[in-house]
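just a sequence and a predicted model for now, questions to come.
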Amino acid sequence: MEGKRRGYEWSHRESGFLTKIKEFTRVLLTDLTNGRSPLILIDRFRSYCAVPNANCFCASDLPYGKEALTLRTKSRAHRLVVMLRVMLIVQKLLQENKHSSKRDIYYTYPSLFLDQSVVDQAINDICILMQCSRHNLNVVSAGNGLTMGWIRFSEGERKFDCISSPNSVHPVPVHVEEVKVFQRLANDQFCNVNHCIVITGRGYPDIPTRRFLRLLVENLRLPVYCLVDCDPYGFDILTTYRFGSMQMAYDTKHLRVPEIRWLGAFPSDSERYFVPKQCILPLTAEDKRKVEAMLLRCYLQREVPQWRLELKLMLQKGVKFEIEALSAHALSFLSDSYIPSKIDHKLIM
């Protein structure tokens, strides 16, 4: 009965999206038949604004405005035509219970789409119109992330569980920015020693990695920590996990991980852990512009002012360093000392 119930729920959800697509198409055809130019209003969302003290609705379920798609201008007309073409593909996927990647969709009509980003925009527009996520449209992305540690999937169930081990506590998800650090922790048997889960998104996280981490935290109810380079891009990756990205702002509620804590590397860690001078690099002009722009993000002042103080410290010092710089003392310094001491002594934010 359980399997039948889940099947019914999926079928009901599928028919709901198909009904929305058909209703949208019907209204569009009615306008064209009656000689009216279609007007499609797309809600606009954002994960942050540049007014730190504003009482805004960023990263919420509420849109902050609308964008109009019509046939009156060439660029808007092309965007509308592309959206309709992608919507037709999505409709077929749902009807046949099949899945497709964004790249596969692009290659169905490359002469119309012109660029992959055009397809991405169309999928975002459809998700906003249908009030759903990409996976609800059977559009999937190839994940770049890697995972190791104490975890299992319950067979036949869409849920996670911990693998019990002797004398262990529940595993703790630790996200690391770079593959090199991930490999270092793997070589050190970090997960076996600490009974934890380690994930890397290989830099900026893709949607599957973000979604996986979100589901992991939701199902296991565990604390989660993030280890990134002490530079503007590492900090941006950290904020993407916690607050979401601007491109996917409409889907923030399904992708963000508000429970994530910043493990390091902090600008203040360079002195606390005696990072060698040869490992510390000056911020470039581009780095400084990025830091100054990030300091204006409303969520830093509103939700994590201590993160903002560390970001200001980075700008004041004018320097940056990579996670690997912490291993200058010893090859396994991250595994043996840095990460355990950070968590044990609550040197996290």
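Received it, and whenever you're ready, just let me know what you need. Residues are numbered from 1 along each chain as shown.

drop to CA atoms for contacts and neighbour counts, all remaining ones
Noted.

okay, now the domains of the chain?
Following automatic domain parsing, one finds the domains of the chain at 2-36+71-140, 146-344.

quick one: mean pLDDT for the shortest one?
What it means is domain 2-36+71-140. The average pLDDT within domain 2-36+71-140 is 83.

picking that back up, closest one to Tyr64 among the domains of the chain?
Closest of these to Tyr64 is domain 146-344, at 10.8 Å (criterion: Cα to Cα).

can you give me the end-to-end span of that closest one?
End-to-end distance of domain 146-344 (Cα to Cα, to the nearest Å): 25 Å.

please apply the same query to stretch 236-256.
From its first residue to its last, stretch 236-256 covers 13 Å (Cα to Cα).

of the domains of the chain, flag the one that's most buried.
Compared across the domains of the chain, domain 146-344 shows the largest average neighbour count, a mean of 18 (mean count of other Cα atoms under 10 Å).

ok so, going back, export the domains of the chain to a markdown table and append columns for distance to Ser60.
Below are the domains of the chain laid out as a markdown table (distance: least, Cα to Cα, whole Å):
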| stretch | distance to Ser60 |
| --- | --- |
| domain 2-36+71-140 | 14 |
| domain 146-344 | 8 |
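
nearest to Val51, of the ones you listed?
Evaluated over the domains of the chain, closeness to Val51 peaks at domain 146-344, with 5.6 Å, by Cα to Cα.

now the closest one: average pLDDT?
Throughout domain 146-344, pLDDT has a mean value of 84.

how about Ile280, what does it touch?
When contacts are counted by Cα atoms under 8 Å, 6 or more residues apart in numbering, Ile280 touches Val319, Lys320, Phe321, Ala325.

spit out the contact partners of Tyr233.
By Cα under 8 Å, 6+ apart, Tyr233 lies in contact with nothing.

could you measure from it over to Glu96?
Applying Cα to Cα, the value for Tyr233 to Glu96 is 41 Å.

picking up where we left off before, so for Asp43, which of the domains of the chain sits nearest?
Closest approach to Asp43 among the domains of the chain (Cα to Cα): domain 2-36+71-140, 6.7 Å.

helices of the stretch 151-300 of the chain, start to end?
Secondary structure of the stretch 151-300 of the chain (DSSP state H, counting those that start in this stretch): helices located at 179-187, 190-194, 207-220, 232-243, 252-255, 269-272, 285-295, 298-303.

now the residue nearest in space to the middle of the chain: closest residue in space, sequence neighbours ignored.
Residue closest to the mean C-alpha point of the chain, counted by Cα atoms, centre = their mean, is Arg210 at 4.3 Å. Of all residues not flanking Arg210 in the chain, Leu255 sits nearest, at 5.7 Å (Cα to Cα, 6 or more residues apart in numbering).

what sits against Arg210?
Going by Cα under 8 Å, 6+ apart, Arg210 touches Tyr241, Leu255, Arg256.

and those residues, which is closest to Leu29?
Leu255 (34.6 Å).

what sits closest to Leu71 if chain neighbours are left out?
Residue nearest to Leu71 in three dimensions, not counting chain neighbours: Ala77, with 4.4 Å by Cα to Cα, 6+ apart.

I figured that neighbour was touching Leu69, is that so?
Yes - Ala77 lies in contact with Leu69 (Cα atoms under 8 Å); the separation is 7.0 Å.

before we move on, the earlier item: so which of the helices of the stretch 151-300 of the chain is nearest Asp336?
With Cα to Cα, the closest approach to Asp336 among these belongs to helix 190-194: 8.5 Å.

got the CA positions of the closest one in PDB?
Extracted in PDB, the C-alpha atoms of helix 190-194 (Å, rounded to 0.1, in the frame of the first residue of the first chain):
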ATOM      1  CA  PHE A 190      39.200  11.200   8.300                       C
ATOM      2  CA  CYS A 191      35.600   9.800   8.100                       C
ATOM      3  CA  ASN A 192      36.600   6.500   9.700                       C
ATOM      4  CA  VAL A 193      38.400   8.200  12.600                       C
ATOM      5  CA  ASN A 194      35.700  10.800  13.200                       C
END
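
packing partners for that helix?
strand 146-149 (3 or more Cα pairs under 8 Å, 6 or more residues apart in numbering; DSSP states H and E).

got a markdown table for the contacts of Arg210, with distance to Ile343 too?
Formatted as a markdown table, those follow (distance: Cα to Cα, whole Å):
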| residue | distance to Ile343 |
| --- | --- |
| Tyr241 | 19 |
| Leu255 | 25 |
| Arg256 | 22 |
